[in-house]
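Asks: what's the 3D shape of this:
(one chain, ligands or ions: 2)
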Amino acid sequence: MPEFRVAHALGDYTVTIRPGVLDELPARVAALWPGRPVVVITDETVGALLADRVATDPWALTLAVPPGESSKTRARWEALTDALFSAGLTRNAAIVALGGGMVGDLAGFVAATYARGIPFLQVPTTLLAMVDSSVGGKTGVDTPLGKNLVGAFHPPAAVLADPLVLQSLPPEQLRCGLAEMAKHGIIADAAYWTDLGESADQLHARDPETLTRFIARSVELKAAVVMEDERETGRRATLNAGHTVAHAVEHTTQFAVSHGDAVAMGLVAEAHLAETLGVAVPGLAERIKAGLKRLSLPTRLPVEIDATELFEAMRLDKKRSKNELRFSLPHDIGSMARDGARWAIPVRDTQAIVHALRVIGAA
Ligand SMILES: NC(=O)c1ccc[n+]([C@@H]2O[C@H](COP(=O)([O-])OP(=O)(O)OC[C@H]3O[C@@H](n4cnc5c(N)ncnc54)[C@H](O)[C@@H]3O)[C@@H](O)[C@H]2O)c1
Ligand SMILES: [Zn+2]
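Replies: Ligands and ions are numbered 1, 2, ... in the order given. Predicted structure coming up:
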């Protein structure tokens with residue numbers, strides 16, 4: 001049974017990935033927090049599908065927010081927090097975050113801040129949440145100025161991932177997870193990347209054993225990076241591979257392109273940039289493109305967008321940190337490039353960036 005220990009300065013936790021593990025949740029909660037009130041926080045879609053199996057008597061409360069990123073706000077955090085106060089809950093309470101990354105981030109932030117912090121369980125129900133957002137200890141909400149701008153590091157008490165719940169996941173949500181898994185292969189494991197491409201059919205068919213195997217390896221890869229660098233001072237930046245371009249694609253299309261699809265395009269464009277800058281082996285972008293296609297991930301923009309518009313979106317995105325664009329660039333499949341001690345490489349060559357954007361179809 002795949003089980004991993006993730007060690008954080010703020011606390012250690014175990015990630016369990018197993019078909020059927022959801023049915024053990026009530027017993028695990030009782031063992032972890034005997035006699036303590038437990039609040040299940042979920043979204044309405046996931047709640048309708050799974051809350052009955054999770055929130056059995058004598059659990060205190062199930063709170064469901066509307067599904068979608070628009071619920072990841074300070075207003076929802078406030079409403080949830082107030083609901084906990086109204087129920088008379090103290091710091092003796094604990095939270096179960098049942099849902100995708102939106103729920104995990106929001107419920108995790110409620111847990112991080114309620115009575116100065118109460119424990120919570122991550123029960124990810126999307127592929128993206130299983131391989132990405134439930135591991136690493138980041139929680140938070142969005143503001144009108146940008147995503148995840150308010151938050152806290154608050155590692156969960158444990159993560160329980162049941163690949164069987166992915167049967168009901170819409171295909172575009174499955175692709176979001178696959179894109180992050182492809183990213184993990186590019187960052188750290190060439191064999192995993194190859195295996196992923198060869199297993200595309202089983203993954204799309206949601207074969208539980210195949211999903212379990214790949215989720216486990218992705219969790220292991222992400223956990224290794226996170227443990228090496230908890231607070232994004234170094235290697236954690238590699239997890240942003242593909243994401244500088246992806247965020248620009250999401251913004252310029254007003255989020256009509258999903259995060260996963262944008263990441264796939266970003267991985268291709270950034271690999272091309274890495275080749276142009278001479279930090280990647282020649283032919284890398286083409287190999288990445290072929291692998292992503294095998295996974296049925298898009299490698300070109302679905303609509304015509306001006307390269308300069310994408311470039312401006314990238315500059316705006318990064319203005320908050322420093323007036324210089326940084327990329328986590330691949331060296332080869334399985335290894336990332338670095339600039340001295342830095343994994344986020346500053347790129348001043350505007351032409352090279354624009355050229356890379358043209359490769360994914362920007363005008
Ligand atoms: N904390 C981190 O380190 C981290 C990392 C990556 C992403 N994130 C965050 O994660 C969020 C994205 O997560 P997501 O892609 O899981 O989105 P999500 O949580 O919004 O879920 C996507 C959709 O799938 C539905 N859904 C969830 N599970 C389902 C199931 N089993 N069957 C059917 N439908 C289901 C949800 O109701 C929702 O409509 C973003 O807010 C992002 O910022 C956080
Ligand atoms: Zn991502």
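Asks: grab the nearest non-local neighbour of the residue of the stretch 201-350 of the chain found nearest ligand 1.
Replies: The stretch 201-350 of the chain approaches ligand 1 most closely through His259 (6.5 Å), counting by C-beta to the nearest ligand atom. Yep, even glycine has a C-beta here, placed from its N, CA and C like the rest. Nearest non-adjacent residue to His259, counting by C-beta to C-beta, 6 or more residues apart in numbering: Cys176, 5.5 Å away.
Asks: and what of Ser258?
Replies: Ser258 sits nearest to Glu172 (C-beta to C-beta, 6+ apart), 5.4 Å away.
Asks: buried ones in the strand or helix carrying the one you found, by neighbour count?
Replies: Per DSSP states H and E, Glu172 falls inside helix 171-188. Judged by neighbour count (16 or more other C-beta atoms under 10 Å), helix 171-188 contains these buried residues: 173-188.
Asks: for stretch 119-127, same thing?
Replies: Using 16+ other C-beta under 10 Å as the test for burial, stretch 119-127 gives Pro119, Phe120, Leu121, Gln122, Val123, Pro124, Thr125, Thr126, Leu127.
Asks: the first one: what's it in contact with?
Replies: To tie it back to what came earlier, the one meant is Pro119. Leu32, Trp33, Ala94, Ile95, Ala111, Pro156, Ala157 (C-beta atoms under 8 Å, 6 or more residues apart in numbering).
Asks: please tell me how far the fourth one sits from Tyr192.
Replies: Distance, Ile95 to Tyr192, using C-beta to C-beta, to the nearest Å: 32 Å.
Asks: okay, those two: which has more neighbours?
Replies: Ile95 (27 against 23; other C-beta atoms under 10 Å).
Asks: tell me how far Val46 lies from Ser71.
Replies: 12 Å.
Asks: before we move on, what about Gly146?
Replies: Distance, Gly146 to Ser71, by C-beta to C-beta: 16 Å.
Asks: so what's the residue count around Gly316?
Replies: One thing to correct before we go on: residue 316 is Leu, not Gly. 13.
Asks: also His154?
Replies: Neighbour number of His154 under other C-beta under 10 Å is 22.
Asks: so it sits against Gln122, correct?
Replies: No. Judged on C-beta atoms under 8 Å, His154 makes no contact with Gln122 at a distance of 10.5 Å.
Asks: what do those two both touch?
Replies: Listed contacts common to His154 and Gln122 are Gly108; contacts here mean C-beta under 8 Å, 6+ apart.
Asks: how about the contacts made by the closest residue in space to Leu239 that isn't next to it in sequence?
Replies: Distances taken as C-beta to C-beta, 6+ apart place Val225 nearest to Leu239, at 6.0 Å, with adjacent residues excluded. Val225 sits next to Ile187, Ala188, Arg235, Arg236, Thr238, Leu239 when contact means C-beta under 8 Å, 6+ apart.
Asks: list the contacts for the last one?
Replies: The reference is to Leu239. Contacts of Leu239 by C-beta under 8 Å, 6+ apart are Lys183, Ile187, Lys222, Val225, Ser328.
Asks: out of those, what pair is the most spread apart?
Replies: Spatial extent of these (C-beta to C-beta) is set by the pair Lys222 and Ser328 at 13.9 Å.
Asks: who in the stretch 151-300 of the chain is up against ligand 1?
Replies: For the stretch 151-300 of the chain, the residues in contact with ligand 1 (C-beta under 6 Å from any ligand atom) are Val165, Ser168, Leu169, Gln173, Cys176.
Asks: hmm, try it at 8 Å
Replies: Taking C-beta under 8 Å from any ligand atom as the contact definition, the stretch 151-300 of the chain meets ligand 1 at Val165, Leu166, Gln167, Ser168, Leu169, Pro170, Gln173, Cys176, Gly177, Glu180, His259, Gly260.
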